[in-house]
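Participant: Make a model of this:
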Amino acid sequence: MAATGTDAPTRAVTLGVLRRQITLVPLVGLIYFSVSGGPYGLENAVGSSGPGMAMVLIVVVPLVFAIPCALMNAELGSAIPLEGGYYYWVKAAMGPFAGFVEGMSSWLTSFLDTALYPVLFVDYLATWFPGVARGQHVLFSAFGGNVSIDLHWALAVAFMVPLIFLNIRGAKLVGETSAVLTGVIIAPFALLTALGVWRLLTTTGVNPLHPAVLAGQSKPSAFAAGLAVVIWNYVGFDSITTAGDEIDRPKRTYPLALAISVPLIMMSYLLPMVAALASGLHRHDPSQWTDGDFALAGQLLGGSWLKVLIIVGAGVANVGLFSSLLLSGSRIPAVLAADRYLPVRLARTHRRYGTPVAAILVSCAFFAVFCAMDFTTLLDADIVLGLGGLLLEFAALVVLRVRFPAMVRPFRIPGGWLGVVLVCLLPVTLSAGVLWGTASSEPAALYMGLGGFALSAALYLPCARWWKRGRPDAEVVVGEVDFGPGVDPAALLERRRSDDRVPTAVA
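Facilitator: Predicted coordinates:
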């Protein structure tokens with residue numbers, strides 16, 4: 001990806017192919033952290049729905065949501081493996097406006113999602129060092145403390161600095177680091193699982209599925225209460241597609257990495273949860289289950305050493321989550337800038353490493369702003385906004401099947417149109433359920449999420465007028481893309497006219 005040295009009215013920015021350096025194992029690590037980062041956070045499903053229903057959700061949601069999402073991503077990610085990923089899927093299917101909304105809403109989502117992990121990392125530090133907790137050593141505070149510049153914020157920003165440099169060094173290093181961190185996180189939960197299974201086998205009267213729901217809950221209400229929590233833990237299979245030009249042999253590697261990652265994530269949720277419930281923690285009042293209780297379950301099963309390992313793993317998870325999401329999220333403003341919807345300087349790349357250094361730095365500047373905020377109200381809005389982008393991707397899957405039936409798809413969802421309908425119908429139905437539940441339980445979050453999506457759409461015309469001003473989209477290298485006989489991939493993806501392709505000066 002490179003920017004032009006001048007800003008001539010008809011000159012296009014060139015999107016070149018970056019070095020394909022993300023191989024299979026690093027790609028599995030990146031997908032793992034883009035989606036999961038371990039079972040941390042699933043405790044709230046038990047506290048919302050009860051042990052039995054939480055286990056039902058952990059088993060059912062991947063079958064009707066995660067696997068369909070992975071199949072959709074495998075088809076589109078292998079067919080259109082371009083830098084920008086889902087931005088180009090939606091753009092090719094439904095045009096520049098839909099592509100812009102997809103890309104901009106994704107970038108807005110990252111302000112809420114990616115910025116969460118530095119905050120959580122410092123929150124874990126505060127369990128050992130109370131002086132770094134939010135609200136301590138305050139330099140500036142506003143809106144009743146909902147925005148606070150304090151020591152907690154300063155440490156959250158400091159957390160980002162080494163990971164910014166890691167990302168600037170390139171996707172290969174980020175991927176290899178993610179693969180190592182995946183093993184670091186899985187290890188304490190493997191120990192927890194072994195100890196929990198041993199307790200199930202050797203102790204009478206242990207039933208991890210009892211009670212099925214919380215006191216006073218019906219089964220439908222219990223299912224709805226925990227649905228958003230579990231879905232949030234399975235969102236993100238599309239994230240790393242934004243680095244499509246950096247994946248080695250993407251037509252083969254990406255589908256294979258998904259085939260490995262999906263069961264790995266499922267097992268890393270299911271087995272530790274069974275073990276944690278077998279510990280007997282909160283057995284008299286399951287509604288007490290909340291964030292951090294995996295560590296308490298580990299203490300009951302193995303002692304303080306296992307509790308410490310799980311807490312340390314939580315800190316490591318935040319490192320991996322932030323780093324992988326920064327990698328994938330920074331590619332979106334870069335491709336939007338290359339298409340001239342944002343200042344073209346955001347498409348500038350590092351001279352040595354080829355990474356979108358300007359987009360990385362600007363994204364982290366926004367994250368620093370959001371690190372000063374209280375995330376309590378914002379998290380559900382993040383889910384709503386993210387699901388909106390996901391639904392656009394499913395729409396792109398259907399439209400591309402209709403418009404380009406002869407498109408070369410190295411991986412194709414099996415079962416013909418019936419398979420496509422099932423792959424789309426199940427996640428869309430669950431997403432509708434989440435939106436309905438959010439409307440009932442936290443309408444402010446629903447309105448904020450929908451407002452973010454509406455803002456993305458409303459920004460299209462101002463961005464087109466202020467920055468694009470009729471100039472051509474970025475030139476992309478389309479050697480890996482074939483829409484079928486008679487279709488020019490460059491003309492479709494660049495949305496260009498025959499007279500506006502002018503040689504560019506590459507910075």
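Participant: how far is stretch 169-180 from where the chain is centred?
Facilitator: Here stretch 169-180 is found 17 Å from its chain centre; the criterion is CA atoms, centre = their mean, to the nearest Å.
Participant: got it, and stretch 404-413?
Facilitator: Distance of stretch 404-413 from the chain centroid (CA atoms, centre = their mean) equals 25 Å.
Participant: go on, stretch 52-62?
Facilitator: 21 Å.
Participant: what comes into contact with that stretch?
Facilitator: Outside stretch 52-62, the residues that touch it by CB atoms under 8 Å, 6 or more residues apart in numbering are 42, 45-46, 48-49, 208-213, 219, 222-223, 226-227, 230-231, 234, 262, 265-266, 269-270, 273-274, 277, 430. Every C-beta, even on glycine, is put in place using the N, C-alpha and C of the backbone.
Participant: What about those, which are in helices?
Facilitator: 45-46, 48-49, 219, 222-223, 226-227, 230-231, 262, 265-266, 269-270, 273-274, 277, 430 (DSSP state H).
Participant: for the stretch 51-200 of the chain, what spans make up the helices?
Facilitator: Secondary structure of the stretch 51-200 of the chain by DSSP state H, counting those that start in this stretch: the helices cover 51-61, 67-79, 86-94, 96-113, 116-128, 151-169, 171-202.
Participant: From the contact counts, what lies against the third one?
Facilitator: With contacts defined as 3 or more CB pairs under 8 Å, 6 or more residues apart in numbering; DSSP states H and E, the secondary structure elements packing on helix 86-94 are helix 96-113, helix 304-338, helix 378-403, helix 489-494.
Participant: change it to 7 Å
Facilitator: Here helix 86-94 touches helix 96-113, helix 378-403, helix 489-494, going by 3 or more CB pairs under 7 Å, 6 or more residues apart in numbering; DSSP states H and E.
Participant: Residue 87: which of those is closest?
Facilitator: Proximity to residue 87 (CB to CB) singles out helix 96-113 among the helices and strands packed on helix 86-94, at 4.2 Å.
Participant: can you list the weak-confidence ranges in the stretch 151-300 of the chain?
Facilitator: Within the stretch 151-300 of the chain, not a single segment meets pLDDT under 70.
Participant: From residue 181, how far off is the residue nearest to the spatial centre of the chain?
Facilitator: The C-alpha lying nearest the average C-alpha coordinate of the chain belongs to residue 236 (CA atoms, centre = their mean; 3.5 Å). Going from residue 236 to residue 181 by CB to CB, to the nearest Å gives 16 Å.
Participant: Then residue 190?
Facilitator: Distance, residue 190 to residue 181, using CB to CB: 15 Å.
Participant: Compare those two (neighbour count), which wins?
Facilitator: residue 181 (23 against 15; other CB atoms under 10 Å).
Participant: my guess is the more buried one meets residue 316, correct?
Facilitator: Yes - counting by CB atoms under 7 Å, residue 316 is a contact partner of residue 181 at 5.6 Å.
Participant: what about stretch 195-215, start to end distance?
Facilitator: 29 Å (CA to CA, to the nearest Å).
Participant: Show residues contacting that stretch.
Facilitator: 49-53, 55, 219, 222, 274-279, 286-287, 301-302 (CB atoms under 7 Å, 6 or more residues apart in numbering).
Participant: Next: stretch 306-313.
Facilitator: Counting by CB under 7 Å, 6+ apart, 38, 124, 127, 184-185, 188, 191-192, 294-296, 298-299 sit against stretch 306-313.
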